[in-house]
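> Predicted model and sequence follow; I will ask about them next.
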Amino acid sequence: MAKEYNVAILGATGAVGNRMREQLALSNIPVKSLKLLATSRSAGQKQTFRGQTYIVEEAKPESFEGIDLVLSSAGGSVSKHFLPEAVKRGAVCVDNTSYFRMNPSVPLVVPEVNPQALSYHKGIVSDPNCSTIQMVVALKPVFDKFGVDKVIVSTYQAASGAGQSGWNELEKEAADYLDKKEMQANILPVKSAAKHYPLAFNLLPQIDVFEDDGYTHEEWKMIHETKKIFFDDMNSDKIKVTATSVRVPVPVSHGESVYFQVADGAEASVSEIQKAIADGAGLVLQDDPSQQLYPQPINAAGKRETFVGRVRADNENPGSYWMWVVSDNLLKGAAWNAVQIAEELVKRDLLHVDDPKASYELFKEN
């Protein structure tokens with residue numbers, strides 16, 4: 001008889017947490033029991049899973065007793081506090097926050113790209129940033145066939161990337177604008193920033209805080225996460241990556257303009273790259289300019305796949321190409337990627353912590 005697992009979702013009432021529950025219900029993971037965890041503010045809410053009603057509980061360290069798998073998307077500070085406690089009790093955690101991503105003891109995994117990295121987990125596996133995930137999924141078949149030396153990406157990121165509150169603010173601003181009312185911005189581009197700007201009918205070239213070198217932390221994440229995913233080294237010099245991240249007035253699904261230079265330019269061509277993408281895991285090629293066929297965020301919303309189109313050569317720079325990449329940032333960019341990781345852990349019989357006490361000491365708060 002197949003083993004069944006006790007699962008907890010931390011941050012169960014958020015935009016991603018809700019989708020984690022939905023994707024888990026559709027997954028092939030044998031769930032014996034489910035525990036839904038959130039803040040005291042959300043405790044008491046009711047949610048359904050595979051036809052059964054569950055009550056959301058307040059997260060506490062003892063909530064993880066007997067849990068095999070934790071899917072977490074409750075913010076970095078929550079992961080920092082609770083995930084070591086879960087690991088100490090023997091649970092394997094798949095974390096959708098940025099807190100553990102660059103920890104050298106934590107695999108940063110996209111199942112279509114680097115599932116082998118799961119073999120070295122010590123109780124925590126990180127979901128990469130949503131914008132990174134769709135880009136590396138699209139690049140993976142090109143990387144495997146031709147090698148990729150350089151990537152320049154500009155992102156067009158949906159409001160929901162800032163959480164349900166960012167999405168709600170966009171809708172309220174849009175309604176106010178159309179009603180000839182003054183738009184009130186309280187969240188974007190960054191809730192903790194001194195200034196806020198409306199996103200409706202606007203573009204914001206800032207996602208996350210600015211670093212000292214002028215890049216935003218979102219751009220920093222895309223650069224260093226890509227290196228870690230492909231080469232298991234956040235500072236690898238084997239691939240050059242640079243990024244510009246922009247928030248756009250779209251509810252769901254990020255778009256990305258990806259420029260890349262292949263290592264084997266003699267073998268590559270537009271048709272060969274298109275074929276590699278069409279055959280790639282988790283990818284759908286939508287690329288027929290004669291029929292105006294290309295990926296659009298409105299069509300990608302609610303879908304697990306990553307969509308690629310507008311593959312074309314840079315005629316001024318042989319060996320370099322462009323493509324347009326779109327994916328639902330709440331599904332493949334977060335909830336579905338996390339559940340995929342869990343499926344892979346089950347398939348590889350890695351849903352266990354070899355030394356919970358040692359892992360707790362490794363990850364606990366300083």
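All right, it came through fine.
> Any idea how many residues pack against Met135?
Using other CB atoms under 10 Å, Met135 has 30 other residues around it. In this view, the C-beta of every residue, glycine as well, is placed from N, C-alpha and C.
> Figure out the helix or strand that it lives in.
helix 130-146 (DSSP states H and E).
> list the helices and strands the helix or strand following that helix packs on?
Sequence order places strand 148-157 as the next helix or strand after helix 130-146, per DSSP H and E. Applying 3 or more CB pairs under 8 Å, 6 or more residues apart in numbering; DSSP states H and E, one finds that strand 148-157 contacts helix 130-146, helix 217-231, strand 240-247, strand 254-262.
> low-scoring stretches of the stretch 1-150 of the chain, by residue?
Within the stretch 1-150 of the chain, the stretches with pLDDT under 70 are 1.
> the strands in it, which residues?
5-10, 31-38, 46-49, 52-55, 57-58, 69-72, 92-95, 124-126, 148-157 (DSSP state E, counting those that start in this stretch).
> Same list (these) but as JSON lines, adding mean neighbour count and distance to Ile277.
Shown next, in JSON lines, are the strands of the stretch 1-150 of the chain (neighbours: other CB atoms under 10 Å; distance: least, CB to CB, whole Å):
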{"stretch": "strand 5-10", "mean neighbour count": "24", "distance to Ile277": "33"}
{"stretch": "strand 31-38", "mean neighbour count": "20", "distance to Ile277": "34"}
{"stretch": "strand 46-49", "mean neighbour count": "14", "distance to Ile277": "35"}
{"stretch": "strand 52-55", "mean neighbour count": "11", "distance to Ile277": "40"}
{"stretch": "strand 57-58", "mean neighbour count": "16", "distance to Ile277": "43"}
{"stretch": "strand 69-72", "mean neighbour count": "27", "distance to Ile277": "29"}
{"stretch": "strand 92-95", "mean neighbour count": "27", "distance to Ile277": "27"}
{"stretch": "strand 124-126", "mean neighbour count": "26", "distance to Ile277": "26"}
{"stretch": "strand 148-157", "mean neighbour count": "20", "distance to Ile277": "13"}
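> any chance of those strands in CSV, plus distance to Glu365?
CSV is the format used below for the strands of the stretch 1-150 of the chain (distance: least, CB to CB, whole Å):
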stretch, distance to Glu365
strand 5-10, 16
strand 31-38, 18
strand 46-49, 29
strand 52-55, 28
strand 57-58, 19
strand 69-72, 15
strand 92-95, 15
strand 124-126, 13
strand 148-157, 30
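> Of all the ones you listed, which one comes closest to Leu331?
Between Leu331 and the strands of the stretch 1-150 of the chain, the shortest separation by CB to CB is 13.5 Å, and it involves strand 69-72.
> Contacts for that closest one next, please.
For strand 69-72, the external contacting residues (CB atoms under 8 Å, 6 or more residues apart in numbering) are 5-11, 17, 20, 24, 29, 64, 78-79, 82-83, 86, 91-97, 338-339, 342, 345, 351.
> let's go with 6 Å and repeat that
Residues from elsewhere that reach strand 69-72 (CB atoms under 6 Å, 6 or more residues apart in numbering): 5, 7-10, 20, 79, 86, 91-95, 338, 342.
> One more: stretch 304-312?
Residues from elsewhere that reach stretch 304-312 (CB under 6 Å, 6+ apart): 134, 137-138, 270, 273-274, 277, 282-287, 294-295, 300, 322-327, 331-332, 336.
> Pull out the buried residues from those residues.
Burial by neighbour count, judged by 16 or more other CB atoms under 10 Å, picks out 134, 137-138, 273-274, 277, 282-287, 294-295, 300, 323-327, 331-332, 336 from the contacts of stretch 304-312.
> Go through these and flag which are in helices.
Assigned to helices by DSSP state H, the following of these qualify: Gln134, Val137, Ala138, Ile273, Gln274, Ile277, Ala300, Trp336.
> Can you get me a residue count around Arg50?
Neighbourhood size, Arg50 [other CB under 10 Å]: 10.
> Would you report the backbone torsion angles of it?
Arg50 adopts backbone torsions of phi 50, psi 40, taken as degrees, to the nearest 10.
> For it, give me its contacts.
Applying CB under 6 Å, 6+ apart to Arg50 gives the contacts Ala25.
> Give me the distance between the nearest residue to Glu112 once chain neighbours are set aside and Val70.
Distance criterion CB to CB, 6 or more residues apart in numbering; nearest residue to Glu112, sequence neighbours excluded, is Ala281 at 4.1 Å. Separation of Ala281 from Val70 (CB to CB, to the nearest Å) stands at 26 Å.
> Also Tyr197?
Noted for Tyr197: a distance of 36 Å to Val70, by CB to CB.
> In stretch 168-175, which residues are buried?
By 16+ other CB under 10 Å, the buried positions in stretch 168-175 come out as Asn168, Glu169, Leu170, Lys172, Glu173, Ala174.
> now the residues you listed in TSV, with distance to Ile207?
TSV is the format used below for these (distance: CB to CB, whole Å):
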residue	distance to Ile207
Asn168	18
Glu169	15
Leu170	14
Lys172	20
Glu173	17
Ala174	19
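> Those residues in helices, which ones?
Asn168, Glu169, Leu170, Lys172, Glu173, Ala174.
> Can you tell me which of the residues you listed is closest to Asp232?
For those, the nearest to Asp232 is Leu170 (36.8 Å; CB to CB).
> Might you calculate how far stretch 56-66 sits from the centre of the chain?
For stretch 56-66, the distance from its own C-alpha centre to the chain's C-alpha centre is 25 Å (CA atoms, centre = their mean, to the nearest Å).
> So which residues make contact with that stretch?
6, 10, 12, 36-38, 40, 42-43, 45, 82, 85-86, 89, 91.
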